[in-house]
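*Asks:* below are the sequence and a predicted model for it; my questions follow.
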Amino acid sequence: MDPRRIRITGTGIAVRGNDIDTDRIIPARYLRCVTFDGLGEHAFEDDRAQLKAKGQVHPFDDPRFAGAEVLFVNKNFGCGSSREHAPQSIMRWGRGIKAIVGESFSEIFFGNCVALGIPAPTASEADMAQMMSAVEANSAAPVTVDLETLTVTVGEHSWPVKMAEGPRRQFLEGKWDSTAELMEAMDQVAATAARLPYMNGWK
Amino acid sequence: MGRNLYEKVFDLHTVRRLPSGQYQVLMGLQMIHEVTSPQAFAAIRERGWKVPYPHRNFATVDHIIPTDSQQRPLSDPLAEEMLQHLERNTADFGIRFFSPERGEQGIVHMVGPETGLTQPGMTICCGDSHTATHGAFGALAFGIGTSQVRDVLATQTLALGKLKVRRIEVNGRLRPGVYAKDVILYIIRKLGVNGGVGYAYEYAGEVFDGFSMEERMTVCNMSIEGGARCGYVNPDQTTYDYLRGREYAPPPEAWDRAVAWWESIKSDADASYDDVVRFDASDIEPIVTWGITPGQSVGVSENLPYVRDFPEAERPNIAEALEFMDFREGQPIKGTRIDVAFLGSCTNGRISDFEEVVRMIEGRGLRVAPHVRAIVVPGSMSVKREMIRRGYDKVFTEAGFEFREAGCSMCLAMNPDKLKGREVCASSSNRNFKGRQGSPTGRTLLMSPVMVAAAAIAGEVVDAREFFAAPVGAGV
């Protein structure tokens, strides 16, 4: 598969709320595992059950959004634990979420998304509100996340989004799976280690 | 213009600039545990890679370990499987494993400092967001995901962007009964749970200068709860005194060279910062969280806020938190009935945390309230041994607390220690997220260990300063 992430297309799903933490995205009881397989069905499990008990429907349980591939969220999404199980569960839910657009993301969650090839650009509060409303009004509206032009399109309308230049270039060039690139410089790694007294027995 | 510690340590560990504009940065130390590492080791195996710096990686088991009996095989087969994976992975790749059988196990953020592995000027990573704990020593320490654990195993490096640095000074003197836990809860309350996104926090000022290493660790530990991926305190004599003589600390003949190097990586007096914030220590009182994020808190003598006090965009979140917690806006936090009390975690599971609680309860005939289940979980086997040596196990047991084995326990309830149903827990841990303590509808009130102990005995949230000041037998 081409590792470049230039334009992600699909339909959208919105999960509203600030500070949605990784314990809510994937409860800790599902971290008792040695692979990431099967995590998708447990994404947002407790939030989904609690809404169901109140006679309401979480977007992840709403059949209109069952085929969504772009997730829209609000502020500080993915705060809390560093568990990569959180983005792993989102990318394994349904057809697989392939991009997340939000007002802001926790640092570690964003880094995990980069490592998994999931672009997570940000938008202003006002633009985010419009995008979410557009997705909720028409679940079939085509969504495009374009990292080249830094825009997100829902149906007929487009909004500007932001992403730091470093990760953006990793996505555009297909270099988000960083291990291979890091392994290119093992001689320089050794040279750096040689300069640090604690790496060399304080000699 | 001088440079701060973050810039110096980042630069010293930078291998090269990557084409993306990020930096390839050497990790001086990686700590590993059973939850976030198996998939990383599997990837290394699948691709036939080696681990080039096994002696800079160390592992222990903490999240899934039971605290009632740690006999093998563990009672939960999934937990046993995860432990076996970790044992095999560390053995196969030549990584030291601090094992329960040898009495070396503990929460990963306890083991690093206790063994002297955690030192000033290092870069430290771990697949755990509370890795910032190690920043108390003047290290750049931060949590990473499993793909990055794999990167560090394979190369001992990470691709990182540079953070901005915010200096947070707390000056003056803390009032009696106000602890390090209250300081960090106060900082998070003031700066917000996402106020630190994009920043490293440098904690400074008279309060931090006077803090012990364990108090500094409590504050740095919760940096991530304020959105900051790493937080640190500049090293000083307190740091060096703590380190001297520990297993992995520099040997005596190299000590002076080590101290000279550590002094060289401190923030310069004229260092610049992207932001500076100052707080007055005397403004801080014991803090209790009332909501579902660590920033939703009040001083123990305050009432909960009103939804209308918040900007329009935040009101749905505040209403959601009040509903989940079953609190009314404007009500006092004092008097909230609790069902469970949890003393422990990488935030407050150290010897000085238990020492302070024992100082409050010992010899006063105080008992945990009949309706409260109270557990005391040492952060490491080493802390547990020291507690037994000092007789704390008896003090706690006689007061009606359960004295347990070491582990993460009810901080995140990946082992059998869980809330049930809608139980309310007074907890010395770090997160009050929905479902965090094992029951999807369970409720958590974060506070200092002394406040937890007072709540356990009173059966409800009280101001520990008043509670423990009351004469013995005076209605307690």
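*Replies:* Yep, that arrived. Numbers count the residues shown, from 1 in each chain, chains lettered A, B, ... in the order given.
*Asks:* quick one: the helices in chain A, in order.
*Replies:* Along chain A, the stretches classed as helices by DSSP state H are A:22-25, A:45-53, A:85-91, A:107-116, A:125-137, A:165-173, A:179-183, A:186-195.
*Asks:* do the stretch 351-476 of chain B as well
*Replies:* B:351-361, B:381-389, B:392-398, B:449-458, B:464-469 (DSSP state H, counting those that start in this stretch).
*Asks:* deepest of those, which one?
*Replies:* With neighbours taken as mean count of other CB atoms under 10 Å in any protein chain shown, the helices of the stretch 351-476 of chain B reach their highest mean count in helix B:449-458, at a mean of 29. In this view, the C-beta of every residue, glycine as well, is placed from N, C-alpha and C.
*Asks:* and that helix, what does it pack onto?
*Replies:* Secondary-structure packing of helix B:449-458 (3 or more CB pairs under 8 Å, 6 or more residues apart in numbering or on different chains; DSSP states H and E): strand B:340-343, helix B:351-361, strand B:424-427, helix B:464-469.
*Asks:* can you add mean pLDDT and give these back as TSV?
*Replies:* Output for the helices and strands packed on helix B:449-458, formatted as TSV (pLDDT from 0 to 100):
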stretch	mean pLDDT
strand B:340-343	98
helix B:351-361	98
strand B:424-427	98
helix B:464-469	96
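*Asks:* and of the ones you listed, who's closest to chain A?
*Replies:* Each of these has some distance to chain A by CB to the nearest CB; the shortest is strand B:424-427, at 13.9 Å.
*Asks:* before we move on, the earlier item: can you redo the helices and strands packed on helix B:449-458 as a markdown table with distance to chain A?
*Replies:* Converted to a markdown table, those look like this (distance: least, CB to the nearest CB, whole Å):
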| stretch | distance to chain A |
| --- | --- |
| strand B:340-343 | 15 |
| helix B:351-361 | 22 |
| strand B:424-427 | 14 |
| helix B:464-469 | 27 |
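*Asks:* residue contacts, the residue in the stretch 201-350 of chain B positioned nearest to chain A?
*Replies:* Nearest to chain A in the stretch 201-350 of chain B, going by CB to the nearest CB, is residue B:254, at a distance of 3.5 Å. For residue B:254, the contact set (CB atoms under 8 Å, 6 or more residues apart in numbering or on different chains) comprises A:201-203.
*Asks:* by neighbour count, which of those wins?
*Replies:* residue A:202 (15 neighbours; other CB atoms under 10 Å in any protein chain shown).
*Asks:* residue contacts, the nearest residue to residue B:407 once chain neighbours are set aside?
*Replies:* For residue B:407, ignoring the flanking residues on the chain, the nearest one in space by CB to CB, 6 or more residues apart in numbering or on different chains is residue B:65 at 4.2 Å. By CB under 8 Å, 6+ apart, the residues touching residue B:65 are B:74, B:79, B:83, B:100, B:105, B:405-408, B:415.
*Asks:* could you do residue A:50 as well?
*Replies:* The contact partners of residue A:50, by CB under 8 Å, 6+ apart, come to B:440-441.
*Asks:* same check, this time on residue B:140
*Replies:* B:5-6, B:9-10, B:13, B:122-124, B:200, B:230, B:232.
*Asks:* number of residues surrounding residue A:17?
*Replies:* With other CB under 10 Å as criterion, residue A:17 counts 15.
*Asks:* my guess is it meets residue B:317, correct?
*Replies:* Yes: assessed by CB atoms under 8 Å, residue A:17 is found in contact with residue B:317 at 6.5 Å.
*Asks:* quick check: closest non-adjacent residue to the residue in the stretch 301-450 of chain B that chain A sits nearest to.
*Replies:* Relative to chain A, the nearest point of the stretch 301-450 of chain B is residue B:440 (3.9 Å; CB to the nearest CB). Take residue B:440 and drop its neighbours on the chain: the residue closest to it by CB to CB, 6+ apart is residue A:46, 3.9 Å away.
*Asks:* about what we covered before: now the helices of chain A in CSV, with mean pLDDT?
*Replies:* What follows is the helices of chain A, written out as CSV (pLDDT from 0 to 100):
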stretch, mean pLDDT
helix A:22-25, 97
helix A:45-53, 97
helix A:85-91, 98
helix A:107-116, 96
helix A:125-137, 98
helix A:165-173, 94
helix A:179-183, 94
helix A:186-195, 98
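*Asks:* looking at these, spot the one closest to residue B:358.
*Replies:* helix A:22-25 (31.4 Å; CB to CB).
*Asks:* so which elements touch that closest one?
*Replies:* helix A:85-91.
*Asks:* which parts of the helix it packs on are buried?
*Replies:* A:85-91 (16 or more other CB atoms under 10 Å in any protein chain shown).
*Asks:* can you give the distance of that helix from its chain's centre?
*Replies:* Helix A:85-91 sits 8 Å away from the centroid of its parent chain (CA atoms, centre = their mean, to the nearest Å).
*Asks:* hmm, who's touching that helix?
*Replies:* A:22, A:25-26, A:30-31, A:36, A:39-40, A:42-43, A:71, A:78, A:97-98, A:100, A:109, A:112-113, A:116, A:118, B:145.
*Asks:* grab the most central residue of chain B for me.
*Replies:* For chain B, residue B:347 is the residue whose C-alpha lies nearest the centre (CA atoms, centre = their mean; 3.1 Å).
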